[in-house]
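In: A predicted structure for the sequence below; I have some questions about it.
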Amino acid sequence: MLSRKDNSFIKSVNLSILQTDGCEVVTVALNEQFPYGLFVAMNDEKNFYFYDLSRLGLK
């Protein structure tokens, strides 16, 4: 993960994918399942993986 302010390294996280074709993050509460935001990654096979930001240590 990189900082949006200055692109500095924040931390690395282990995900269920080896390569990604893209990813996005939302930092506002969406619902009870994602109260601190959402990180979405898509692998090369076009499968989407959804992560609660608090479970990645990013709340």
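Out: Happy to help now that I have it.
In: For the residue nearest the centre of the chain, give me the pLDDT.
Out: Taking C-alpha atoms, centre = their mean as the criterion, Phe39 is the residue nearest the geometric centre of the chain, at 2.6 Å. Per-residue confidence at Phe39 stands at 90 (pLDDT).
In: which ones are touching the nearest residue to Ser3 once chain neighbours are set aside?
Out: Among residues not flanking Ser3 along the chain, Ile10 sits closest, at 5.7 Å (C-beta to C-beta, 6 or more residues apart in numbering). C-beta coordinates here come from the backbone N, C-alpha and C atoms, glycine included. Ile10 sits next to Met1, Leu2, Ser3 when contact means C-beta atoms under 8 Å, 6 or more residues apart in numbering.
In: how near is the residue lying closest to Thr27 once chain neighbours are set aside to Glu24?
Out: Of all residues beyond its chain neighbours, the one nearest Thr27 is Gly37 (4.4 Å), with distances taken as C-beta to C-beta, 6+ apart. Computed as C-beta to C-beta, to the nearest Å, the Gly37 to Glu24 distance reads 11 Å.
In: Those two: who's more crowded?
Out: Gly37 (18 against 9; other C-beta atoms under 10 Å).
In: so who does the more buried one touch?
Out: Here Gly37 is in contact with Val25, Val26, Thr27, Val28, Ala29, Leu30, Asp52, Leu53, Leu58, Lys59 (criterion: C-beta under 8 Å, 6+ apart).
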